[in-house]
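Asks: From the sequence below, what's the structure:
(one chain, ligands or ions: 1)
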Amino acid sequence: MTKLIKGKELSEKIVENISEELKNYTKKPGLTVIIVGDNPASRVYVNKKKRTAENAGFNSVVIELPEDVTREELEKHIDELNKDEAVDGILVQLPLPKHINTYDILERILPEKDVDGFHPENVGKLVIGLKPYAVSCTPYGIIRLLEENNIEIEGRHAVIIGRSNIVGKPMASLLLNRNATVTVCHSKTASLRRVCMQADILVAAVGREKFVKRDWVKPGAVVIDVGINRTEEGKIVGDVDFEEVSGKAEYITPVPGGVGPMTIAMLLSNTLELFKLHNDL
Ligand code: GUN
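Replies: Numbers count the residues shown, from 1 in each chain. Below you'll find the predicted structure:
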C-alpha cells in the first residue's frame, strides 16, 4: 500500500510552531519580497508568501517593481534592505526579466539576509558541508518531509530529475551531505527511464506534467514530486503520473498538498533563524 507524504499537514504544524515561538519575542521578524514585472505565477506565489508570513506574525513587505526596472534601481532597493535592521530576510522572486543578470542581483543580497540560500557564499557552504545562513526552501522542505516520515537517506540511491539552482542542485548537496548516493539527471541524460528505475528515492523537478510514468519507478521507491503544472483543463498536476505510480511506490507526495506547502513553511523557518541570528536569540 503506497503511503502519502502529507506536506500540507507538516507545513501547517511548522507554521503553527513558528507562530507560537514568535509570541515570546517583542519584535517581529522582517521578511521583504521583491517582485519584478507581472508574471502571473510569481504573483500567486508572492501573495501566498505574504499572507502566510503575516498570519504567522511576521512583518511581511512586498516591493513591486515594473518589468523595465533597471539593474541599478533594483540594486538600490537591495542595498537599502541590507542596511535596514528591521529586515531579516530578503527574497527576490525569480525569474527576473531577461535584461537583468540574476546572479548579479542574488550576490548583492547580504548572505546573512539571503533567506533563499541562493547567494554563492551560502551555496558554497552547502556544497562543502558547512552550515549556510539559509538553504533553498523547496529542497530543504523535502528533507524535512523525508525525516518526518522516518525515510532512510543514508546509503540509498537518490535520483533527481532536474538540475536547477533552486531545486536540483541544492537537493543533490543536501542528500549527498546525508550520505545518499546521488544521480542528477537532466534534458541530455541518456536512458533517463533506466536511471530512474534504479532510484530508491526519486525526486522529479522537471516542470512537465505527468512526466514520470509507472514503468520508471522501482517497486518500493520513495517518489517526491516537485512539479506544479496547470493542465489545459486548469487542474494542478505534478511531474509524476500520480494515478499510475501510486500503488507501485512505497511513498509518494501528492500534488497539490505535498512539496508545495513545505516551500513556504521553510521560508518562514529560514526567516525566523535569520531573525534569531540578528538578535542574538
Ligand atoms: N521562483 C520559483 N521558486 C522560487 C524560490 O524558491 N525562490 C525565489 N526567490 N524565486 C522562486
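Asks: On the three-state scheme, whichever residue of the chain sits closest to the ligand is what?
Replies: Proximity to the ligand, evaluated over the chain using C-beta to the nearest ligand atom, is greatest for L94 at 3.7 Å. (Glycine included, C-beta is placed from N, CA and C.) Of the three states, L94 takes coil under DSSP: H, G, I helix; E, B strand; the rest coil.
Asks: wait, what's in contact with it?
Replies: Residues touching L94, when contacts are defined by C-beta atoms under 8 Å, 6 or more residues apart in numbering, comprise S42, T102, I166.
Asks: Quick check: closest non-adjacent residue to the second one.
Replies: Taking C-beta to C-beta, 6 or more residues apart in numbering as the measure, T102 lies nearest to L96, with 5.3 Å between them; neighbours along the chain are not counted.
Asks: Bridged to N59, which residues?
Replies: Taking DSSP bridges, one finds G30 as the beta-bridge partners of N59.
Asks: Contact partners for it?
Replies: Counting by C-beta under 8 Å, 6+ apart, the residues that N59 touches are K28, P29, G30, L31, A86.
Asks: buried subset of the residues you listed?
Replies: In terms of neighbour count (16 or more other C-beta atoms under 10 Å), the buried residues within those are K28, P29, G30, L31.
Asks: okay if I get these as JSON lines plus pLDDT and distance to the ligand?
Replies: Supplementary listing: the buried ones among the contacts of N59 in JSON lines, determined by pLDDT from 0 to 100; distance: C-beta to the nearest ligand atom, whole Å:
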{"residue": "K28", "pLDDT": "98", "distance to the ligand": "21"}
{"residue": "P29", "pLDDT": "98", "distance to the ligand": "17"}
{"residue": "G30", "pLDDT": "98", "distance to the ligand": "16"}
{"residue": "L31", "pLDDT": "98", "distance to the ligand": "12"}
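Asks: Farthest pair within those?
Replies: K28 and L31 (9.5 Å; C-beta to C-beta).
Asks: shared neighbours, the two?
Replies: If you check K28 and L31 against C-beta under 8 Å, 6+ apart, the residues they both contact are F58, N59.
Asks: Now for the residue lying closest to V61 once chain neighbours are set aside, how many residues are close by?
Replies: Residue nearest to V61 in three dimensions, not counting chain neighbours: T32, with 4.6 Å by C-beta to C-beta, 6+ apart. For T32, the tally of surrounding residues (other C-beta atoms under 10 Å) stands at 24.
Asks: In terms of secondary structure, what does the helix or strand T32 falls within contact?
Replies: Taking DSSP states H and E as the criterion, the element that holds T32 is strand 30-36. With contacts defined as 3 or more C-beta pairs under 8 Å, 6 or more residues apart in numbering; DSSP states H and E, the packing partners of strand 30-36 are helix 40-56, strand 59-65, helix 71-83, strand 89-92, helix 259-278.
Asks: Determine which stretch of the ones you listed is the most buried.
Replies: Stretch with highest mean neighbour count among the helices and strands packed on strand 30-36: strand 89-92 (a mean of 26; mean count of other C-beta atoms under 10 Å).
Asks: mind checking how far it is from the chain centre?
Replies: In terms of C-alpha atoms, centre = their mean, to the nearest Å, the centre of strand 89-92 is found 13 Å from the chain centre.
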